[in-house]
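Student: here is a sequence together with a model predicted from it:
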Amino acid sequence: MKKHIQINPFHVMDILARCKEMEAQGRDVVHMEIGEPDFSTPQPIIDAGISVLNEKNTYYTSAQGLYELRENICAYYKEKFSITVVPEQIIVTPGASGALQLVLLALLQNKHQLMLGDPTYPCNRNLSRLFGGGVVSVPVDDSTEFQLTTSLVKKHWCDSVSAVLVASPSNPTGTICKLEELLEIADFLASKNKYLIVDEIYQGLTYSKAATSVAALRDNIFVLNSFSKYFGMTGWRVGWLVAPSSHISELDAISQNTYLATSTIAQHAALAAFKVETIETLEQRRNIFQQRRDLVCDLLSDLGIDVPTIPQGAFYIYANISKHTDDSFDFCKQLLERKAVAITPGCDFGDYRANEFVRFAYTTNEERLKLGLLRLKEFLY
């Protein structure tokens, strides 16, 4: 009998499908459910993509990716974080999801397990199970700003754990794991001959402090990043992985056998992501995201909805609605049906207190955010 792999669907996709049905019927839906900003890709990146198409440069790159792009990524780490990474440590991937798949395929062997926090981005645990690994979910809350700590890793440790995954800034909470904490976790894992995977895909979108990176700071750290979030290239599907030199040949072989190479056009377009004029646009957008965060947090507070930890990055707010419901999924469905406001239930991100929480994405403009929160007020009161 065929054994079924436990891969859970995204509940938010059911909500999104219902949104489309409602909009087809003429209803005005306020979208605060999907983690895709309303900003288009910056024009220099679009122009670069058009240019490479006009030049008919549509051939494969190497599996590791366009060398010039890998050089630019290394220069970005040097300029922004004073970190030295060499192009040979970079693998360009089809989105950050492609990078995570490479790492998990390399590390999760013989039914090894991945340790991660709960709540977390659902793909992380689903991919671990897809590739034959298990999951050690560690409940986290506002006492640690919804992040794993060295103490929690040690408390929940078992020898079957092959790697620990930390997202900073995180989805769904928007919180940051301190650099010192990440390095302490990495050092503990090194003593066990294990690995730390750090998801930095929201790295450029930080508000309370400057962005940091752990890339190349330890020999047992894998860093995932992406051009989707800060750089605004969601549909282009370009990410990258910074890996220890000892694993590059294995990862290169896996990439050759899974996706061969990332889109050539998208890689050439991504070269323009590091241009001065592009970064200026992105920083303006980061400031707008911060203003949106402050607006939504204030409006939620006015409604008596608790935000246990103010997000320091990304574009999400993880809010406690236990005063109003004991079933956050039903709450989200009813809010959508009655007031045409779409948000994401906590059950998408794990099990720990999931019925108490919902995620708001402030990825639309302030006028729409205000409308959505006004409708929420009407729904509650």
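Tutor: All right, it came through fine. On a predicted model such as this, the values are computed, not experimentally measured, just so you know.

Student: contacting residues for Val103?
Tutor: By C-beta atoms under 8 Å, 6 or more residues apart in numbering, Val103 lies in contact with 163, 197, 222, 224, 241, 243, 251. Using the backbone N, CA and C atoms, a C-beta is placed for each residue, glycine as well.

Student: okay, now the first one: neighbour count?
Tutor: Just to be clear, that refers to Ala163. Residues lying near Ala163 (other C-beta atoms under 10 Å) number 23.

Student: what sits closest to it if chain neighbours are left out?
Tutor: Nearest non-adjacent residue to Ala163, counting by C-beta to C-beta, 6 or more residues apart in numbering: Tyr195, 4.3 Å away.

Student: separation between that neighbour and Leu107?
Tutor: Note on Tyr195: its distance to Leu107, by C-beta to C-beta, to the nearest Å, is 6 Å.

Student: these two: which has the busier surroundings?
Tutor: Tyr195 (25 against 20).

Student: quick check: the more buried one touching Arg218?
Tutor: No - using C-beta atoms under 8 Å, Tyr195 is not in contact with Arg218, being 9.5 Å away.

Student: tell me if Met115 really is in a strand.
Tutor: Yes - applying DSSP: H, G, I helix; E, B strand; the rest coil, one finds Met115 inside a strand.

Student: need the contact list for it.
Tutor: 135-136, 138, 148, 153, 156-157, 161, 163-165.

Student: quick one: the strands in the stretch 201-350 of the chain?
Tutor: With strands called from DSSP state E, counting those that start in this stretch, the stretch 201-350 of the chain shows them at 221-226, 239-242, 316-320, 341-342, 344-345.

Student: so can I have TSV of those showing mean pLDDT, distance to Ile7 and mean neighbour count?
Tutor: Compiled in TSV, the strands of the stretch 201-350 of the chain are given as follows (pLDDT from 0 to 100; distance: least, C-beta to C-beta, whole Å; neighbours: other C-beta atoms under 10 Å):
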stretch	mean pLDDT	distance to Ile7	mean neighbour count
strand 221-226	98	20	26
strand 239-242	98	21	26
strand 316-320	98	23	23
strand 341-342	98	23	23
strand 344-345	96	18	26
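
Student: Asp219 - how many residues pack around it?
Tutor: 12.

Student: can I assume it is in contact with Leu196?
Tutor: No - using C-beta under 8 Å, Asp219 is not in contact with Leu196; the gap is 10.5 Å.

Student: what about Leu371, helix or strand, and which?
Tutor: For Leu371, the host element (DSSP states H and E) is helix 366-380.

Student: no, scratch that, I was asking about Gly26
Tutor: Per DSSP H and E: Gly26 is located in neither a helix nor a strand.

Student: what about it, neighbour count?
Tutor: 6.

Student: over to Glu378?
Tutor: Glu378: 11 neighbours (other C-beta under 10 Å).

Student: and if you look at Ala210?
Tutor: Count around Ala210 with other C-beta under 10 Å applied: 7.

Student: so what pLDDT did it get?
Tutor: At Ala210, the model reports a pLDDT of 89.

Student: got it, and Val52?
Tutor: 97.

Student: and it, what element?
Tutor: Short version: Val52 belongs to helix 43-54, going by DSSP H and E.

Student: could you do Asp159 as well?
Tutor: Asp159 belongs to no helix or strand, assigned by DSSP H and E.
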